[in-house]
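Asks: any chance you can model this:
(one chain, ligands or ions: 1)
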Amino acid sequence: MQRIGVMTSGGDAPGMNANVRAVVRTGVSRGVQVFGIRDGFAGLISDEIIPMTSQSVGGIIGKGGTILGTARCEEFRDPAGRAKAAQTLRKHGIEGIVVCGGDGSFRGAHLLWKEHNIPVICTPGTIDNDLAGTDYTIGFDTAVNTALEAIDRIRDTAEAHRRTFIVEVMGRHSGFIALATAIGGGADAVLVPEIPPDIPRIISMVERRFAAGKRFSLIVVAEGVVIDDFPGAGSVAHILKKHGLDCRVSIIGHQQRGGAPTALDREFASLLGKEAVEELLRGGTNKMAGIVGKRVEFCDLEYSWREKKPIDMEVYRFISEAAI
Ligand code: F6P
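Replies: Residues are numbered from 1 along each chain as shown. Now for the predicted structure:
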């Protein structure tokens with residue numbers, strides 16, 4: 001392979017730049033020409049391809065966002081869109097691509113390979129950590145640390161006012177961010193999309209804590225939790241208020257997607273980028289590079305979204321049962 005492409009796709013995640021940097025540097029060191037694809041699959045359709053060198057990725061390892069840009073591309077869901085994308089790659093003589101993104105991006109990459117025989121290797125880039133075949137996804141660690149900083153501040157004001165706070169973190173379909181934020185932030189309860197919420201238990205926990213002289217309670221809720229058709233932290237607040245419990249809601253939101261990546265995100269994103277290129281050059285395709293233990297391992301791309309990665313029930317029980 002003489003020419004490869006790299007793109008970031010779907011929701012951005014801190015560490016994507018470190019991943020792109022490693023792809024470019026590894027490619028260059030193997031004598032391969034590397035091309036950046038702007039704005040994910042959208043840039044493939046609209047032919048936004050830029051040649052990249054070691055200089056183009058200088059100084060980006062500590063930057064949040066993605067220098068290539070990213071998008072959620074509707075047109076790529078259509079076979080005609082994918083045909084245009086394949087045509088762009090052929091036009092530039094690009095023989096294989098590395099795609100950093102989440103499950104939606106992986107499905108797109110898989111179809112590009114299946115329908116147009118374009119070799120694809122993916123790296124897990126999503127703050128949600130909801131991909132099977134990897135312990136970790138790029139951006140998750142930074143997102144959790146950002147949420148923790150917020151929760152530490154919220155605790156101060158909650159304690160000052162003797163209040164209950166319901167803190168909403170990201171995770172439309174998964175509770176990994178919520179669980180890690182809850183255990184690290186010392187929350188008294190956590191609600192995740194994977195487990196039906198036990199509202200009576202939460203109400204009695206808040207009441208018991210105040211009766212025991214505690215000045216605050218913290219409840220972490222993943223955005224994907226739905227109660228009586230209402231999503232997220234607001235639904236929990238509504239119920240607590242109906243029971244006469246004073247509470248406030250804080251939604252951390254997209255702050256979790258930005259900011260400088262942590263050491264862990266930089267390290268793993270770099271390793272994954274390097275190994276992805278090596279695999280592409282070995283002739284591999286339709287695979288995801290993941291972190292298992294502390295090492296890079298590959299799995300079939302379909303496995304990453306077909307298999308449901310389970311949340312850690314021991315952590316969930318510890319948070320829910322240990323609160324007084
Ligand atoms: O997939 C990452 C993620 O941040 C989810 O946690 C969140 O639900 C979603 O993206 C938000 O996407 P958007 O920024 O497109 O609204």
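Asks: just the C-alpha atoms of stretch 57-75, please, in PDB.
Replies: Provided in PDB are the C-alpha atoms of stretch 57-75 (Å, rounded to 0.1, in the frame of the first residue of the first chain):
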ATOM      1  CA  VAL A  57       0.300  16.900  13.000                       C
ATOM      2  CA  GLY A  58       2.900  18.900  14.900                       C
ATOM      3  CA  GLY A  59       1.800  20.100  18.300                       C
ATOM      4  CA  ILE A  60      -1.700  18.500  18.100                       C
ATOM      5  CA  ILE A  61      -1.300  15.700  20.700                       C
ATOM      6  CA  GLY A  62      -2.700  17.800  23.600                       C
ATOM      7  CA  LYS A  63      -5.500  19.400  21.700                       C
ATOM      8  CA  GLY A  64      -9.200  18.500  22.100                       C
ATOM      9  CA  GLY A  65     -11.600  18.300  19.200                       C
ATOM     10  CA  THR A  66     -10.200  17.000  16.000                       C
ATOM     11  CA  ILE A  67      -8.100  18.900  13.500                       C
ATOM     12  CA  LEU A  68      -9.700  16.900  10.600                       C
ATOM     13  CA  GLY A  69     -13.200  17.900  11.700                       C
ATOM     14  CA  THR A  70     -16.000  15.400  12.100                       C
ATOM     15  CA  ALA A  71     -19.700  14.900  11.200                       C
ATOM     16  CA  ARG A  72     -22.700  12.600  11.500                       C
ATOM     17  CA  CYS A  73     -23.300  12.100   7.800                       C
ATOM     18  CA  GLU A  74     -26.800  11.200   6.600                       C
ATOM     19  CA  GLU A  75     -25.900  10.900   2.900                       C
END
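Asks: only the buried residues of it, if you could.
Replies: Within stretch 57-75, the residues scored as buried using 16 or more other C-beta atoms under 10 Å are 57, 60-61, 63-73, 75. In short, each C-beta sits where N, CA and C put it, glycine included.
Asks: find the pair from those with maximum spatial separation.
Replies: Spatial extent of those (C-beta to C-beta) is set by the pair 61 and 75 at 31.7 Å.
Asks: from the buried residues of stretch 57-75, which is closest to residue 153?
Replies: Closest approach to residue 153 among the buried residues of stretch 57-75 (C-beta to C-beta): residue 64, at 19.8 Å.
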